[in-house]
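Novice: quick one, what's the 3D model for this:
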Amino acid sequence: MPQRLVLLYNREAGQGRGGDPAWLADTGVYLRARGWRVEITAAGSPEAATDAARRASQSRAHLVIAAGGDEALRAVADGLAGTGTPLGILPRGTVNVLARTLGIPLADPLAACDVCLSGETRRLDLGRVRRGGEPRHFLLMCSVGFDAQSVANVNPDLKGVVGAPAYLLSGLATLATYQPTDVTLTLDGVRRASSAFMVVVANTPSYGGDFRIAPLAAPDDGVLDLCVFEAPPGLPPVQRAAFLRQIGAVALNRHLQDPDISCFRARHIEIAASPPAAFQIDGDAFGETPVTIDVAPAALSVRVPR
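Specialist: Numbering: from 1, shown residues only. Next comes the predicted model:
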């Protein structure tokens, strides 16, 4: 009897490319020709994707393939965390940071299908966030402060038209009025307070595509990497200029030597801010601080190139 896979796709991913019927039909034909029994399911929301992935694992699917961007992958990972059911990735999003990090083919869906079917299975860590209710997982990173506020301010209609530049435009508009926040970090029981523009907690090196905010991070090392973009004393215009300099240092991969950027590693993290600051997970707005974050080691099985 053929092995069974469930293909979950996001209709809205990559400026509407995720639900292209011709692309889906071609992919289904290719997978079936490789001898698999294929079930194709549309997920109209992150919650629906999580539930569908969980049901696929509970019904003993041999493989779950997620077609979408990083937000869709995070939702599917939420449903597969700790189950052992492997995740295959078909990049159909705007930026596809995780696929880039793992070396999944971006421009050739059938080559990505080959990785899903016959690639190596690698166990990856997941970040785990608690802020009331059920914990949520992240694959790439989460953050507090400026970039989280920028994510919250993104115009969804504009993102649907222009894609990734919508985040840049939102960031520029947010920076015009944004002021640093007093944050308190508790890292494996050790407290540290500072005034910061943002705090990034990373499971992988890359952020938003080509930026490597946490170049020493690895998704299978059992720890999370933090980068704290601290605000120097001074008036708001001076502080914003300092923050732009920090972002420039990231672009040049020189920020680990910047005295106003502090880097740490931890397994258990608590973040509080006064006043409460915006929080995001893998590019998805997720309320405000306080939050508790820890690492779930080897929680997700993912197919990667051999």
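Novice: poorly predicted segments of the stretch 51-200 of the chain, please.
Specialist: Low-confidence segments of the stretch 51-200 of the chain, defined by pLDDT under 70: 160-161, 163-164.
Novice: do you have the helices of it handy? List them.
Specialist: Listed in chain order, the helices of the stretch 51-200 of the chain (DSSP state H, counting those that start in this stretch) span 70-80, 97-102, 109-118, 146-153, 156-162, 165-175.
Novice: make JSON lines out of those and add distance to residue 234.
Specialist: C-betas here are computed from N, CA, C, even on glycine. Putting the helices of the stretch 51-200 of the chain into JSON lines (distance: least, CB to CB, whole Å) gives the following:
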{"stretch": "helix 70-80", "distance to residue 234": "35"}
{"stretch": "helix 97-102", "distance to residue 234": "33"}
{"stretch": "helix 109-118", "distance to residue 234": "48"}
{"stretch": "helix 146-153", "distance to residue 234": "17"}
{"stretch": "helix 156-162", "distance to residue 234": "33"}
{"stretch": "helix 165-175", "distance to residue 234": "16"}
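Novice: which stretch among those helices is buried most, on average?
Specialist: Highest mean neighbour count of the helices of the stretch 51-200 of the chain: helix 70-80, a mean of 26 (counted as mean count of other CB atoms under 10 Å).
Novice: got the domain ranges for the chain?
Specialist: Taking automatic domain parsing as the reference, the chain has its domains at 4-118, 137-298.
Novice: just to revisit the earlier point, which of the helices of the stretch 51-200 of the chain sits closest to residue 196?
Specialist: Residue 196 lies closest, by CB to CB, to one member of those: helix 146-153, at 8.9 Å.
Novice: if we can go back for a sec, include distance to residue 304 when you put the domains of the chain into a markdown table, please.
Specialist: Listed next are those as a markdown table, based on distance: least, CB to CB, whole Å:
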| stretch | distance to residue 304 |
| --- | --- |
| domain 4-118 | 5 |
| domain 137-298 | 10 |
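Novice: quick one, which of these is nearest to residue 127?
Specialist: The closest of the domains of the chain to residue 127 is domain 137-298. By CB to CB, the value is 4.3 Å.
Novice: thinking again about what came up before, right, and the helices of the stretch 51-200 of the chain - which one's nearest residue 37?
Specialist: Nearest of the helices of the stretch 51-200 of the chain to residue 37, taken as CB to CB: helix 109-118 at 12.6 Å.
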